[in-house]
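> Give me a 3D structure for the following:
(chains A and B)
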Amino acid sequence: MGRMSATNHIIHIDGAHSSVGVGMIPQLLLALPFGIVLVLYIFAVIRSNRYYKPWPMYRTAFWILGVLFAILAVSDPLATSAHVNFTAHMVGHLFLGMLSPLLMALAAPIKLILRTLSIPLARRLSRLLKSWPSRMVTNPIVASFLNIGGLWLLYTTNLYSLMHDSILVYLIVHIHVFIAGYLFTVSIIYIDPRPHRLSFWYRSIVLVLALAFHGILSKYLYAHPPIGVPAEQAESGAMLMYYGGDAIDIVLIFILCLHWFRATRPRVEFAVEQ
Amino acid sequence: MTTKSEIGKNHSFRKKRNLWSGILFGMGLAAFLDEVIFHQLLRWHHFYDMSTTSMGLISDGLFHAFSWFATIGGLFILADLRRRNAFWLKRWLGAVLLGAGGFQLYDGTIHHKLMKIHQIRYVDNIVIYDLIWNLSAVLMILTGFIIMRFKSGAKDGADERH
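Numbering: from 1, shown residues only, chains lettered A, B, ... in the order given. The predicted structure is shown next:
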């Protein structure tokens, strides 16, 4: 009897998904902030270019691409297929939680804001960035727990199926995925000015551990699908998570190593070391 | 103004850096070839084996992440050695074999056998595969040691760059 009702429940959810999908309102609510920050970024570039040397074009390009991938992830057609298909959900997750945060971090938004704002406002912002809450959420270990820990919570509890029933949970999960992905990225690679810099060793070790638990979760999902996900979709979704994650992580590792390479540039031969 | 101790320090720094760059890159290379050849091309290895222990899953995840990092990090250390004119080809190549063999031996014994992550190939006479796998790993480690032992012509190995 228990099993019957469980099956009915799944069929019911699937039926609801295919007929309803994700409504216009949640799609708009998630996509709108990205549209707004795109306009703000371009506005800031134009405005600050009047007083400073031109803002690099590639940074603007990174921002536009990052915003596009995020919007792609939260709106149709991907949003609706992600609702019924775990593999499509994973494509959206890779865009929203990994690719888009990486591209947007490479666009150095804080640097841009600081040169656009008036000096008193810029000072206030940099004070805010130095505050302990800001320091805490951009600590690599905290950011890894928010990012990878959040994923474990999402896929190994009933949060995943809850997300499909409640619009509120849906919104919170998606906002969390993006913000946690962004915090994680900026906690590992320093593109923007940062008050509290941590050593390469520290960041490298946390990065390797975070990647490892991302990979472990993907393999775990291969064998233990989230509630309501058919085995076949779980398998292809898990493999996408594993290899797609690897592809984006290479960029993260490369940038971190490149920064190490630049920072340890030898100055004078046989300089007195102390 | 280079005192003897500074040269000595520099020499041991070079020895260590070349060794670590090679070991890291070797480990990464072995893991990468394992992925490309045995997982993707031959499809002998499986993405997930239902008999995998949870320790195996964790060890596999850690090694996979570390090997990605090691490949890229090892090459950046190599670039660092080159710009310092401190690259030492024989020592580095030997270390690559050491790292690759070490990874393969760990994979072939602990991963495949103890933690049962997956087998080399899903056939009956798996013993032969295991034997070749682990013997070739030991061979790589030994060759690595021998290459590193070769007396380089230069006293300091300073002319080892090609």
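
> got the contact list for the nearest residue to A:Trp55 once chain neighbours are set aside?
Leaving aside its sequence neighbours, A:Trp55 sits nearest to A:Val45 (C-beta to C-beta, 6 or more residues apart in numbering or on different chains; 4.7 Å). Glycine gets a C-beta too; all of them are placed from N, C-alpha and C. Residues counted as contacts of A:Val45 (C-beta atoms under 8 Å, 6 or more residues apart in numbering or on different chains) are A:55, A:60, A:112.

> Can you flag the buried ones in those residues?
Buried members of the contacts of A:Val45, counted by 16 or more other C-beta atoms under 10 Å in any protein chain shown: A:55, A:60, A:112.

> so who does the last one touch?
This points to A:Leu112. A:41, A:44-45, A:48, A:55, A:59.

> what about it, distance to B:Ser54?
Between A:Leu112 and B:Ser54 the computed distance is 45 Å (C-beta to C-beta, to the nearest Å).

> Same question for the first one.
A:Trp55 is 49 Å from B:Ser54, where distance means C-beta to C-beta.

> And for the second one?
Per C-beta to C-beta, A:Thr60 is found 46 Å from B:Ser54.

> so where is the chain shaky, pLDDT-wise?
No chain specified, so I'll use chain A. For chain A, the stretches flagged by pLDDT under 70 are A:1-21, A:268-274.

> look at chain B instead
For chain B, applying pLDDT under 70 flags the ranges B:1-9, B:39-44, B:49-52, B:113-117, B:120-121, B:123, B:151-162.

> can you give me the helices for it?
B:4-33, B:54-83, B:89-106, B:126-149 (DSSP state H).

> is chain A contacted by stretch B:81-92?
Yes. With C-beta under 8 Å from any C-beta of the partner chain as the measure, stretch B:81-92 is seen reaching chain A through B:83-84.

> now that stretch, how far from the chain's geometric center?
Averaging C-alpha positions (C-alpha atoms, centre = their mean, to the nearest Å) puts stretch B:81-92 17 Å from its chain's average.

> Counting neighbours, which bits of that stretch end up buried?
Those would be B:81, B:84, B:86-88, B:90-92, for stretch B:81-92 by 16+ other C-beta under 10 Å.

> Just the terminal-to-terminal distance for it.
Stretch B:81-92 has an end-to-end distance of 11 Å (criterion: C-alpha to C-alpha, to the nearest Å).

> Which residue, other than its chain neighbours, is closest to B:Met140?
What sits nearest to B:Met140 in space, not counting adjacent residues and going by C-beta to C-beta, 6+ apart, is B:Gly101, at 3.0 Å.

> could you list every residue that touches that neighbour?
Contacts for B:Gly101 (C-beta under 8 Å, 6+ apart) come out as B:26, B:30, B:137-144.

> coming back round to it: tell me the one among the buried residues of stretch B:81-92 nearest to chain A.
Ranked by distance to chain A (C-beta to the nearest C-beta), the buried residues of stretch B:81-92 are led by B:Arg84 at 5.5 Å.

> which residue is nearest the middle of chain B?
Centroid-nearest residue in chain B: B:Gly99, 2.1 Å away (criterion: C-alpha atoms, centre = their mean).

> wait, that residue sits on B:Ser21?
No. Between B:Gly99 and B:Ser21 there is no contact under C-beta atoms under 8 Å: 9.5 Å.

> Tell me which residue in the stretch 1-150 of chain A sits closest to chain B.
Counting by C-beta to the nearest C-beta, the stretch 1-150 of chain A gets nearest to chain B through A:Ile148 (11.1 Å).

> tally of neighbours for A:Ser118?
Per other C-beta atoms under 10 Å in any protein chain shown, the neighbour tally for A:Ser118 reads 8.

> Run through the strands of the stretch 101-250 of chain A in chain order.
For the stretch 101-250 of chain A, strands defined by DSSP state E, counting those that start in this stretch do not occur.

> Spell out which parts of it neighbour chain B.
Counting by C-beta under 8 Å from any C-beta, the stretch 101-250 of chain A sits next to chain B at A:204, A:207-209, A:211-216, A:219-220, A:222-223, A:238-239, A:242, A:246, A:249-250.

> repeat that for 6 Å
A:208, A:211-212, A:215-216, A:219, A:222-223 (C-beta under 6 Å from any C-beta of the partner chain).

> which two from those end up farthest apart in space?
The two members of those with the most space between them (C-beta to C-beta) are A:Val208 and A:Ala223, at 23.6 Å.

> Among these two, which residue is more densely surrounded?
Taking other C-beta under 10 Å, A:Val208 and A:Ala223 do not tie; A:Val208 has more neighbours (20 against 16).

> residues contacting the more buried one?
Going by C-beta atoms under 6 Å, 6 or more residues apart in numbering or on different chains, A:Val208 touches B:65-66, B:69.

> now, which of those residues lie close to chain A?
Counting by C-beta under 6 Å from any C-beta, the members of these near chain A are B:65-66, B:69.
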